[in-house]
Each structure stands twice: as C-alpha cells, then as structure tokens.
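1. Any chance you could fold what I've pasted below:
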Amino acid sequence: MSESAVPTARSPLEPAVRAGLLRRGVRLERATLAWNVVGLGVLAVAAVQARSVALAGFGLDSLIEIGASSVVLWELSGTGEHRQRRALRLIGAAFVGLAVYLAIQSTIVLVSGFHTRHSPLGIIWTAVTALVMFALAAGKARTGAALDNPVLTTEGRVTLIDGLLATAVLAGLMLNALVGAWWADPVAGLVIVVYGLKEAREIFSGDH
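-> Model (predicted):
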C-alpha cells in the first residue's frame, strides 16, 4: 500500500514543479534577450566611436547570445532529443562564425599596429554587463540542472562566457585608457576567439 501511494502522492507535484522551472527558464532567457538587444545598439555605437575590435567582437557575441536565447526559448516550447541536438548545433555554429571573424580582425589590427581610441561608454557597459551576465548564468545553471535540460544548461554556459568576455574586454579597454596599451584591445578579441572555439568544440563533440 505504501509503495503504491508514493507515486500517487508525487505525481501531482512533478508537473507543477516542472512548469514552474520552465517558466523560470523562460524568464531568464527573456531577460538575457532584452539585455543583449539593448547591448547590441550600445556596443555598435561604442565600437564605431573607439574603432575597437574587442567591442565589435563583443557586440557580435551579444548577437550570438540573442540567437542562443531565441533558440532556447524555441526549445523550451517543445520536447525531444532531436530538437535539443538541433538547438545545440545552431549555438555551436554561431560560435565558430564569431571565432573566425575575430581571429582575422584581431590579427589585422595587431599586424598593422592600429591604435584604438578610449571608450568610456564601452567601459561602463562591459562592467555592468559582466555583473548581469554572471547573475543570469547562475540562474540558468540551477534551472537547467533541475530540469535536466542540456540546451538551457549549455546556454547558461554561453551566458557565463559572455560575462567572462565582458571582463576581458573591460580589462583591454582599461589598459588602453590608463597606460595606452593599444594592443590590449585586439588581444581581448583573441580571448573571445579562444572561448568561442572551445565552446564550439565541446558542443559538437557532445561534451555538454
């Protein structure tokens, strides 16, 4: 009697808990999406003003984050292993494209010795973005683990990387502003390349 009673007692709770976690996941992705939509415009202005490879690359990373959040929102609306694999491949492909673009641009800037201008707007935005992304990433990690959803968990890692990249870009902008280290900007762009390729490799190899 006690064994048969356990599933009966738990069955009403499981759908409710899952629905609550899904709602939380959707709210986290919508918040990420909204932040990056605004950030795309801010970074575009800052990158043009400063002629910064790192800010342009971070803007492209924000564009990828917009796509990744859209993919996760799409995935959370349905179920199925095939749907999850397809969503992960889309995120991985975006990372490869970002890495290729930034590798070329950062190399050109380093070889030519192009000096990036100072960017107070870029410094403020990347500093705030780092804090926001770290908070969102923590929420996605907990929610994805509770749901056992690899797509939400992976996108949480993308958001964490977004925070780390914001920190790297911020460091490059600060070095350039404080000590005139012009090379710090393209080097920050190369940091994004390394992380992008690492994430793409893990996604396509199935390590996530």
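
2. Tell me where this protein has helices.
-> Under the criterion DSSP state H, helices of the chain are mapped to 2-10, 13-50, 53-76, 81-112, 120-147, 150-179, 184-205.

3. In CSV: these, plus mean neighbour count and mean pLDDT.
-> Heads up, the C-betas are built off the backbone N, CA and C, glycines and all. Formatted as CSV, those follow (neighbours: other Cβ atoms under 10 Å; pLDDT from 0 to 100):
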stretch, mean neighbour count, mean pLDDT
helix 2-10, 8, 43
helix 13-50, 17, 88
helix 53-76, 23, 81
helix 81-112, 17, 76
helix 120-147, 19, 93
helix 150-179, 22, 84
helix 184-205, 21, 79
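
4. what's residue 63 in contact with, if anything?
-> For residue 63, the contacting residues are 36, 40, by Cβ atoms under 8 Å, 6 or more residues apart in numbering.

5. How about residue 193?
-> Contacts of residue 193 (Cβ under 8 Å, 6+ apart): 98, 99, 102, 103, 106.

6. Got phi/psi on residue 182?
-> Per-residue torsions, residue 182: phi -60, psi -30 (degrees, to the nearest 10).

7. Not counting sequence-adjacent ones, nearest residue to it?
-> Nearest residue to residue 182 in three dimensions, chain neighbours excluded: residue 115, at 4.3 Å (Cβ to Cβ, 6 or more residues apart in numbering).

8. how close does the one you found sit to residue 181?
-> Residue 115 sits 10 Å away from residue 181, going by Cβ to Cβ, to the nearest Å.

9. Compare the two (neighbour count), which wins?
-> residue 181 (15 against 12; other Cβ atoms under 10 Å).

10. isn't the more buried one right next to residue 174, touching?
-> No: Residue 181 is beyond contact range of residue 174, at 9.1 Å (criterion: Cβ atoms under 8 Å).

11. Quick check: neighbours shared by the two?
-> With contacts defined as Cβ under 8 Å, 6+ apart, no residue is shared by residue 181 and residue 174.
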